[in-house]
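Asker: missing the sequence, but the structure's below:
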């Protein structure tokens, strides 16, 4: 992965979806753009369609070559997890519709990749994105998460291109 690649990171949500775009060679990451999409629509199908349309527009505008997205984190509220999963699905569809490779990462893996601590809090991620990407602002929480996912994806792609096996939770090597 010697060449720079443009990566879109997505922090999915059914009410607010964060995104971050970086150019990376796997070692150095350069900020391109970031923000969040305030989801419109009263019904879930309308909100999912809105996510798909807005991300499709972002992809057309910024022309990323790859995409990383956060996996669903299931806590106690199953209904929220299902809605989040559907928002992820809309985002993944936008990426695959644009023929992007999509990598999925757990919240813990993202935090570990960018902060060095899988239990990092939101403020630590925001500050690390500001430092790592040399920003002159502290990104909003969802936007910082999108940037962190893009950086995590870039790191993963570098490791994969070097042929280094990484251990996954199930104990299998890939």
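Answerer: Structure received. Note that this is a predicted model, so its numbers are computed, not measured.
Asker: which residues in the protein form strands?
Answerer: 5-11, 16-24, 29-38, 66-70, 101-105 (DSSP state E).
Asker: of all those strands, which one is nearest residue 112?
Answerer: Nearest to residue 112 among the strands of the chain is strand 101-105 (9.7 Å), distances taken as Cβ to Cβ. C-beta: built from backbone N, CA, C; applies to glycine.
Asker: could you dump the strands of the chain to CSV with mean neighbour count?
Answerer: Converted to CSV, these look like this (neighbours: other Cβ atoms under 10 Å):
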stretch, mean neighbour count
strand 5-11, 26
strand 16-24, 24
strand 29-38, 18
strand 66-70, 25
strand 101-105, 17
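Asker: what helices or strands is the worst-scoring helix or strand of the chain on mean pLDDT leaning on?
Answerer: None of the helices or strands of the chain scores lower by mean pLDDT, DSSP states H and E than helix 141-161, at a mean of 91. On a contact count with 3 or more Cβ pairs under 8 Å, 6 or more residues apart in numbering; DSSP states H and E, helix 141-161 meets strand 5-11, strand 16-24, strand 29-38, strand 66-70, strand 101-105, helix 107-115, helix 122-132.
Asker: ok, residue 16 - contacts?
Answerer: 36-39, 142 (Cβ atoms under 8 Å, 6 or more residues apart in numbering).
Asker: hang on, the earlier thing: need the helices and strands packed on helix 141-161 in JSON lines (columns: mean pLDDT).
Answerer: Converted to JSON lines, the helices and strands packed on helix 141-161 look like this (pLDDT from 0 to 100):
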{"stretch": "strand 5-11", "mean pLDDT": "98"}
{"stretch": "strand 16-24", "mean pLDDT": "97"}
{"stretch": "strand 29-38", "mean pLDDT": "97"}
{"stretch": "strand 66-70", "mean pLDDT": "97"}
{"stretch": "strand 101-105", "mean pLDDT": "96"}
{"stretch": "helix 107-115", "mean pLDDT": "94"}
{"stretch": "helix 122-132", "mean pLDDT": "97"}
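Asker: dump the ones you listed into TSV; add distance to residue 153 as well.
Answerer: Below are the helices and strands packed on helix 141-161 laid out as TSV (distance: least, Cβ to Cβ, whole Å):
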stretch	distance to residue 153
strand 5-11	5
strand 16-24	9
strand 29-38	10
strand 66-70	3
strand 101-105	5
helix 107-115	9
helix 122-132	14
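Asker: now the least confident helix or strand of the chain and strand 29-38, what's the angle there?
Answerer: Orientation check (axes from the mean of the first three to the mean of the last three Cα atoms, to 10 degrees): helix 141-161 against strand 29-38 gives 140 degrees.
Asker: from here on, call the first residue 8.
Answerer: Yep, numbering from 8; the last one is helix 148-168 now.
Asker: what about helix 148-168, distance to the chain center?
Answerer: 6 Å (Cα atoms, centre = their mean, to the nearest Å).
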